[in-house]
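# the amino acid sequence is not available; the structure is as follows:
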């Protein structure tokens, strides 16, 4: 069926965790049949992957009390929770006010988190450390947030205002992230543009983002509370709202029936009987953002259920773990030396296979730990976990800890 025959229902069907998981399963089935262009799959190496993850869990969380893989973990330096220290000193009017601020912080921080590159570092004033990658990006965004860089109100720094974001400059981000010729950050302009797009989207949807305040990311909290009736909400429903309400901010991406598809890409071997043929949704940043919104909702008194209805994250640490430990192998070894566009068939295969193999990995790890999906959801497996094991595997093989496959990033995907 031609894409021109697509309906809105077809498009919306791709804006779900279920679609990510089902398409990933199709990709894995292709791999197991030897029908993928760039990768072969070796399930006999999955025990090695599970061993690496279990060893990582044993070192980091011997009690098996594993938190979610969320942005909040990256605000912890040397055991000190930088955000909790700030938040506990604020006299919040109520729990909802803190939740709105945490939504503001989480949404902006996650959107600024796409790979920093191996060279960039952020000098943390409190610890004196030069911190790179996701943790450095987290601290830079937290410091900007706490200083009121995203607020219009000098007396209320802990907020993000839509109109401030709509005009946010790359130079402001450059200063906040300590970027220089000697400290380059990948995708700086792309990040700033994403913030501006977020600002404009919130201004255009005041009905969503301005229900209890002027438009701000924290308005999504009020929207979700209304949907939940103040009681309970399923994690996949949070993701769906994140995709629907924030989807238009993503640049240069696919759309179907006028609906922005976000982190969704083409692969010629994915066959379906409708207009979504050849499309592979992944929604990495949106799912990680969803994981990061769960705790503020819980602190505000809402129950969040079906957390394992979300999927693992299709990013280079999880994906690198499977490549470095041999569960995935490139057909052409020279591809490891080349840089690949994020929309290339190779990268789409790699990311989708990562999602499917994370489900397989979860089964193995849970069996070994005598846990189930409720007591060890994917959010905790990632944190415990696969992400850290992937980073360790990368550093064991490459001095700069870079992933085994080079991806050309515009600062909006990984």
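That came in fine, so what should we check first? This structure is a prediction, so every number in the text was calculated from the model and none was measured.

# how far does stretch 375-383 sit from its chain's centre?
The chain centroid and the centroid of stretch 375-383 are separated by 14 Å under C-alpha atoms, centre = their mean, to the nearest Å.

# helices or strands next to the lowest-mean-pLDDT helix or strand in the chain in the packing?
Lowest by mean pLDDT, DSSP states H and E among the helices and strands of the chain is strand 259-260, with a mean of 88. Helices and strands touching strand 259-260, by 3 or more C-beta pairs under 8 Å, 6 or more residues apart in numbering; DSSP states H and E, are helix 8-13. (Glycine included, C-beta is placed from N, CA and C.)

# after the helix it packs on, which helix or strand is next? Please name it.
Later in the chain than helix 8-13, the nearest helix or strand by DSSP states H and E is helix 17-32.

# what comes into contact with the least confident helix or strand of the chain?
Here strand 259-260 makes contact (C-beta atoms under 8 Å, 6 or more residues apart in numbering) with 8, 11-12, 15, 247-248, 250, 253-254.

# again with stretch 319-338
37-43, 45-46, 48-49, 52-53, 346, 350-351, 353-354, 357, 386, 389-390, 393-394, 396-397, 403-406.

# now do the end-to-end distance for it.
For stretch 319-338, the first-to-last residue distance is 17 Å (C-alpha to C-alpha, to the nearest Å).

# flag every buried residue along it.
Neighbour counts over stretch 319-338 (16 or more other C-beta atoms under 10 Å) mark 319-325, 327-328, 330, 335 as buried.

# who does the lengthiest helix in the chain touch, helix- and strand-wise?
Longest helix of the chain, by residue count under DSSP state H: helix 345-369. Packing contacts for helix 345-369, counted by 3+ C-beta pairs under 8 Å, 6+ apart, involve helix 17-32, strand 39-41, helix 46-60, strand 264-266, helix 316-324, strand 328-330, strand 339-341, helix 378-381.

# residue 99 and residue 338, how far apart?
45 Å (C-beta to C-beta, to the nearest Å).

# and residue 155, by the same measure?
For residue 155, the distance to residue 338 (C-beta to C-beta) stands at 52 Å.

# and for residue 409?
15 Å.

# and for residue 172, nearest residue in space, chain neighbours not counted?
Using C-beta to C-beta, 6 or more residues apart in numbering and skipping the chain neighbours, the partner closest in space to residue 172 is residue 149 (7.0 Å).

# what's the answer for residue 189, then?
Per C-beta to C-beta, 6+ apart, closest to residue 189 is residue 170, 5.0 Å.

# distance between the ends of stretch 26-40?
End to end - C-alpha to C-alpha - stretch 26-40 spans 14 Å.

# in that stretch, which residues are buried?
26-28, 30-31, 36, 38-39.

# repeat for stretch 280-298
For stretch 280-298, a neighbour-count test (16+ other C-beta under 10 Å) marks 280-297 as buried.

# quick one: residues contacting the residue nearest to residue 216 when sequence neighbours are not counted.
Excluding the flanking residues, the one nearest residue 216 by C-beta to C-beta, 6+ apart is residue 160, at 5.4 Å. Applying C-beta under 8 Å, 6+ apart to residue 160 gives the contacts 104-105, 107-108, 145, 150-151, 216-218.

# in the stretch 51-200 of the chain, which spans are helices?
Per DSSP state H, counting those that start in this stretch, the stretch 51-200 of the chain carries helices over the ranges 82-88, 95-111, 133-146, 162-166, 170-176, 188-204.

# of all these, which one is nearest residue 74?
Closest of the helices of the stretch 51-200 of the chain to residue 74 is helix 133-146, at 3.4 Å (criterion: C-beta to C-beta).

# other residues contacting the closest one?
For helix 133-146, the surrounding residues in contact (C-beta under 8 Å, 6+ apart) are 71, 74-75, 77, 82-83, 86, 104-105, 108-109, 112-113, 115-116, 120-122, 124-125, 130-131, 150, 157-158, 160, 176-178, 401.

# in PyMOL, select just the buried ones from these.
Selecting only the buried entries of the contacts of helix 133-146 in PyMOL, with 16+ other C-beta under 10 Å as the criterion:
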select buried, resi 71+74+75+77+82+83+86+104+105+108+109+112+113+115+116+120+121+122+124+131+150+157+158+160+176+177+178+401
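
# out of the contacts of strand 259-260, which are buried?
Neighbour counting with 16+ other C-beta under 10 Å marks 11-12, 15, 247-248, 250, 253-254 as buried within the contacts of strand 259-260.

# where does pLDDT dip in the stretch 201-350 of the chain?
252 (pLDDT under 70).

# that one: helices as residue ranges?
Applying DSSP H, counting those that start in this stretch to the stretch 201-350 of the chain gives helices spanning 206-209, 219-228, 235-246, 284-299, 316-324, 345-369.

# just to revisit the earlier point, what's the farthest-apart pair in the contacts of residue 160?
Farthest apart among the contacts of residue 160 by C-beta to C-beta are 107 and 151. That separation is 14.2 Å.
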